[in-house]
Structures are given as structure tokens and as C-alpha cells.
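K.L.:
Here is a sequence with its predicted model. Questions after.
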Amino acid sequence: MNKIDVACIIDDDPIFIFGAKRMMQLSNFCNSFMVFKNGQEAINNLKPIMNSDEAIPNVILLDINMPIMDGWQFLDEFIKIESHKSITIYIVSSSIDPVDLNRAKRYDNIKNYIIKPISFKKLESILQDV
Amino acid sequence: MSIPNIQKKSSINLLDFIQEHAAIGTWEFDTTLSQLNWSTQTKKIHEVSLDYKPNVELGLSFYKKGYSLNKIETLFTNCIENHKDFDIEIQIITQTGKEKWVRTIGTPIIENNKCIKIQGLIQDIDKKTKNSKALAIKEQQLSRTFETALVGMAIVDLEGTLIDVNKSLCKTLGYNKDEIKTLTFMDLTHPDDLRRDYAAMMRMISGKLDHYEAEKRYINKKGEIIWAQLFTTIVRDSNGQPEHFIAQINDLTLIKKSSQKVSQLLDTTENQNKRLLNFAHIVSHNLRSHYGNLDMLLDIIKMDSPETTKNEIFPLIEQAVNNLGETVKNLNEVAAINTQKDLKTESLNLLENFNKAFSSISALIINSETKISINIEPEIFVKGIPAYLDSILLNFLTNAIKYKKINEPAKIEINTEIENDFVILKIKDYGLGIDLKKHRDKLFGMYKTFHKHKDSRGLGLFITKNQVEAIGGKIEVESIVNESTTFYIYLKTYE
């Protein structure tokens, strides 16, 4: 099982961020994190990193419902960045609305749609996928 | 009076001619000799033979008993005693038994202040009288119909003045008859409808239009708008010249008001529905994310500090979080059924779907030693959504097994019946039964359970009912405690 180098969490919920980070540490999921509170903040920070060949995240866990710029808007911006294909994206949301589930299928970048809550099991399966 | 012979003869012929063609006969009564003479035509009117010899008693006996006879006797006596003429329309019964209207005229001949003769005429007016009587009855019927019709009616002259109106129209417009007759339809019509209605009136007068129908506004005495359905026809004389209009005016104000109310209610309902949908989304999303966090944190504690889980409170917290998760899941299901639009129904074979349901719970059926008898015609198709029908059937089957009598295996009977465009699916179990007196109202409510069963959550029937209703059906139930329960599931047949 490969350990992920950098995992990126884009979510506005501090409890989720705390929990996700803790779970990742406990399950030895990755070496380091990047955390952004909404899509806009994520785009603003990821763009320069990706264009400069710095240590880019291997995996992004993306929430849908966020203020300022939501998950879908983030994706639409994100795919405009040239090297976007090297990053695997998981939607991690509490939404079970079929509209959201179907919409996720339309993006090639999205590897899977994970319905919250996350668990050690779900993290493990991501690790196997990547 | 001296009249030359020839002239007299020809005038007698003329008299005969007139008598015959005008159906007028003459008669003469000699009071001194008490002798009655009838002319040929008089005899014909009475339908007696030409050699008939009348006398006064016989003559009077032809008059119809009652009014006619009494009247003629009075007039006859009055004529002899008081020398008064008479002229009356009454009825006789002819020799052949026919009832006939006649006009009888009598005039006394006076000599020495004594009536010596009565000369008279009798005219057959049967046809004419009957026609005019029938006409009078028709006229009366018509005018009563006009007056008491529930629809407002008016006769309007070519200038638009209301010549006559009925009660109903007076009530609609709030004027009395005399007031309304001083007004024209132009005075009563809402200004915005006047041009159109006036043009129609002109086109009817010129013959371009035969009748005119419109929904229009009147103004009543209080100045309020009255919505009405107008139907006007023009009446022409035998030369085709317009005479007047007949208008029927049906008050629509109440209908308009109630339809406005209905559309307001519809708006409100739609609004509430939207808010409810919104609420369902909020509940579904927000509650889910809070539950997700709690569940995740519990997961972390178990991993991070296993000693905490030994605390007696920890399992309770875990249970509470799981229950919350279950509730949120159920809420989502209910919201999904109720907010889904444009459900795509299809034709589903009832027996096939039953068999599918059986096979998916075959382990449960075998382990519980449940006895099931199925009697479903293989050609019954219902209208539904596969996932819903599946869930409906499964729910009733598992319920029937779950709520069996404690010490014996469950026994289930399944039958169908067709009623109009419904298939009634009857699922009868000989289990615990439900006390419907106590529980009928709550039976299909959310989170209502009647049995202390370990798996009872009380949402099954609620969801099932929603699913059945979403595909156009309904559920009825009969039950006797400790005996049996029968659910009647009405499903739409597929045309």
C-alpha cells in the first residue's frame, strides 16, 4: 500500500477537517496536508503551486456545499489549470441528492463520490485506489 | 217592410250562403206559442237531423251542465222578463256528444211592453276558441317562465332600453323593476366592455349576427362589478325587421370569486410545497453532515483512545448517534418520495414482482417456517415504479412475518380482486392483529408502533403508504386482535 505524500482537504466544516486530519494521521494515510476552507481559497493557493512544480497534492478531498466558491465552481476553475490531470479528486459530501451524484459523473477528474461520514475503511479504500 | 219577391228569394239564398260559410245559424222563439225554430245551419251546429223539431226545453238541454246551462237559462229568462239582449260564448254538447264552443246571441222583440219573440244567432266558434285558449295558456306559461327563471332575463328594445326584466336580473343588478326600466344596457355595462357589446348589438340589428354570447361585466346599483355570462338573440317580425332583443344574463360573480379563491389557495399550496422541499433539503443535508461528524468523531475516539470506550456512557452515545443516522436516512427517504415529480410509471406484472420479493427474503421465510398461499392471476399488470412496488411488497411481507403470533409460525394468504381500474391486493396474516379502535389514526403515521418488537421502527408503513399513493393507489386495513390482519392495497391497473 502506497502512502500518499500530500493530501488536500477542501471543506468549510472545522469539525470535519479536524476529524479527517486525525483519521489520516491515525491510519498513516499521508505525509502532509493542505487544507482550504472554500473553493476560492483552494484555487488561489493551488494555481501557483501547480504551475511551479512544487510538491503538489496527490489527492484532493472536495466538499460540495461551501461558501464563496462551492465544489462545482472549484472544479470548473480547476480543470483550466494545465497540470490538473495528475491530481486525483474525491468528492466527500453529506449530500445524497441524486442530482449531485449524477453531476459528479460528468467530470473525468472525479475518481469517486464518498458520502460522509468518512471512516477508516473508506480512507483505506482510497489508499488502495490511488 | 215590403220587399219584392225575387229579391226576397235571392236574399234568402244569400242568407243561407252566409249561414253556411260563416257557420252561423239563426233561431227564433215565439214566447206566446212557446215555439222554437232552428235554421238548417243551427241544426248542423247541434249535429241533429234536418227534420229535427226542437222545443225550448230540448234547445236548452244542449248547453253543457254547470256554467253554460246556468248562464243561458239566466240570460234567456232575463231576456223575456227584462227585455235584455245577450251575447255569450259558452259550450254545448251536440247530439253526437261533442263538446263545442258557440257564440249565442239573443234579442227580444217587444210588443205592448211584452216580449213576444226572441230572435237569435248561434255561431260555431269552437276552433277559434280552442286556439286562443291554448295560446293564452302558452302565453301564461311563457311569462311565468320568464318571471321565475333562475337566469336573469330581459327584453331590450333596439335602442338598448330594458322594456321588461325578470326578478332574477333585478336581484343580480340590485335595482327594482321600475328603476331598471328607465335604464339602457349601456347604462348597466362596465365601460370597458361597452364598445364590444354595442358593436355586437349593431351587427345583430343589421343582420350580420344572429345571436351574441359573451362574458362581460355589469355595474350594479351599488357601483360594484358583476361578472356575467350574456346570451342575446334578436327577434324579428314576419318581414324580417328586427323588433327587440331577448337577453339571458347569468351571474358569474360567485363562480369568479370562488375560482379566484381556488387559484389563491393553489398559489399558497405551491409556495408551501416549495418551502417544504427546501426544508427537506436542509434537513437532509444539514442533519446528515452533523450526524456524519458525530459518527466520524466516535470512530476516531475508538481508535485514538480505546480506554474511553470502556466508559459505560460511551455505548449509549454510540447508540444515540446510530439512531440519529437512521432517522436522517428515513427522513431522506420520505422527502424523496414526496418531492419527486414526474414519476415514470410502467406496466408491472404483479405475480412476477411477488416472486421476486419472495426470493429476496427466502431465507427469512424458510427460517421462520412461514406458510404462504398465493392466489394471483399471472396476467395481472399494475401501474407502478419497480423500486416502489418492490419496497411495498417486501414491507407487507416482512411485517406479516415479524408480527406473527408468538408461539406459532406466520401464515399469510394473498389474493387479488379487480375493482374498476384498481387491482386490490389482499394480504392477510393470522398474526398478532392491530387494535384498530385505538390505533387506526396512527397506523400509517411516522414513528408509530403498536407492537413491542425488537425491529419495530414504525416507519415502514408510513413510507409504504407514501409509495402506494405516489403511484396512484391507497391502502385500507381490517384487523382483529390475536386473530388476523388484512391489508387491502389498491393499485392502478395498467391500461
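P.N.:
Ah, there it is. For clarity, every value in this text was computed on a predicted model and none was experimentally measured.

K.L.:
excluding its backbone neighbours, what's nearest residue 117?
P.N.:
If you meant another chain, say so; for now it's chain A. residue B:292 (3.6 Å; Cβ to Cβ, 6 or more residues apart in numbering or on different chains). C-beta: built from backbone N, CA, C; applies to glycine.

K.L.:
actually it's chain B I care about, not the one you picked
P.N.:
residue B:109 (4.0 Å).

K.L.:
show me the contacts for the one you found.
P.N.:
When contacts are counted by Cβ atoms under 8 Å, 6 or more residues apart in numbering or on different chains, residue B:109 touches B:115-119.

K.L.:
Which one of the residues you listed is nearest to residue B:147?
P.N.:
residue B:118 (46.1 Å; Cβ to Cβ).

K.L.:
ok so, going back, OK, contacts around the residue nearest to residue A:117?
P.N.:
A:16, A:94, A:116-118.

K.L.:
switch to 6 Å and redo it
P.N.:
Counting by Cβ atoms under 6 Å, 6 or more residues apart in numbering or on different chains, residue B:292 makes contact with A:94, A:116-117.

K.L.:
Averaged pLDDT, the helix or strand hosting it. What do you get?
P.N.:
Assigned by DSSP states H and E, residue B:292 belongs to helix B:288-304. On average, the pLDDT along helix B:288-304 is 89.

K.L.:
right, and the helix or strand after that helix?
P.N.:
Counting by DSSP H and E, what follows helix B:288-304 is helix B:313-339.

K.L.:
Pull out the buried positions in the helix or strand that that next one is followed by.
P.N.:
For helix B:313-339, the following helix or strand on the C-terminal side (DSSP H and E) is strand B:346-349. For strand B:346-349, the neighbour count (16 or more other Cβ atoms under 10 Å in any protein chain shown) marks B:348-349 as buried.

K.L.:
about what we covered before: any quick PyMOL command for the buried ones out of the contacts of residue B:109?
P.N.:
In PyMOL, a selection of the buried entries from these looks like this (16+ other Cβ under 10 Å):
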select buried, chain B and resi 115+117+118
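
K.L.:
quick one: low-confidence ranges for chain A?
P.N.:
Chain A contains residues with pLDDT under 70 at A:1-2.

K.L.:
Which stretches in it count as strands?
P.N.:
A:4-10, A:30-36, A:59-62, A:88-93, A:110-115 (DSSP state E).

K.L.:
Looking at the ones you listed, which is nearest to residue B:435?
P.N.:
Nearest to residue B:435, of all the strands of chain A, is strand A:110-115, at 40.3 Å by Cβ to Cβ.

K.L.:
Identify all contacting residues around stretch B:113-120.
P.N.:
Contacts of stretch B:113-120 (Cβ under 6 Å, 6+ apart): B:27-32, B:79-80, B:83, B:105-109.

K.L.:
meant to ask about stretch B:461-476
P.N.:
Residues contacting stretch B:461-476 (Cβ under 6 Å, 6+ apart): B:333, B:337, B:345, B:384-385, B:388, B:392, B:395, B:444, B:446, B:488-492.

K.L.:
Could you pull out the buried residues of that stretch?
P.N.:
B:461-468, B:470-473, B:475.

K.L.:
Export the residues you listed to a markdown table and append columns for secondary structure and distance to residue B:211.
P.N.:
As requested, those are exported to a markdown table (DSSP: H, G, I helix; E, B strand; the rest coil; distance: Cβ to Cβ, whole Å):
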| residue | secondary structure | distance to residue B:211 |
| --- | --- | --- |
| B:461 | helix | 60 |
| B:462 | helix | 58 |
| B:463 | helix | 58 |
| B:464 | helix | 57 |
| B:465 | helix | 54 |
| B:466 | helix | 53 |
| B:467 | helix | 54 |
| B:468 | helix | 51 |
| B:470 | helix | 49 |
| B:471 | coil | 48 |
| B:472 | coil | 44 |
| B:473 | coil | 48 |
| B:475 | strand | 53 |
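
K.L.:
what's the closest non-adjacent residue to residue B:164?
P.N.:
Nearest residue to residue B:164, sequence neighbours excluded (Cβ to Cβ, 6+ apart): residue B:155, at 4.4 Å.

K.L.:
quick check, residue B:235 in a strand?
P.N.:
Yes: counting by DSSP: H, G, I helix; E, B strand; the rest coil, residue B:235 is found in a strand.

K.L.:
Just the pLDDT for it.
P.N.:
At residue B:235, pLDDT is 91.

K.L.:
Alright, that wraps it up for me.
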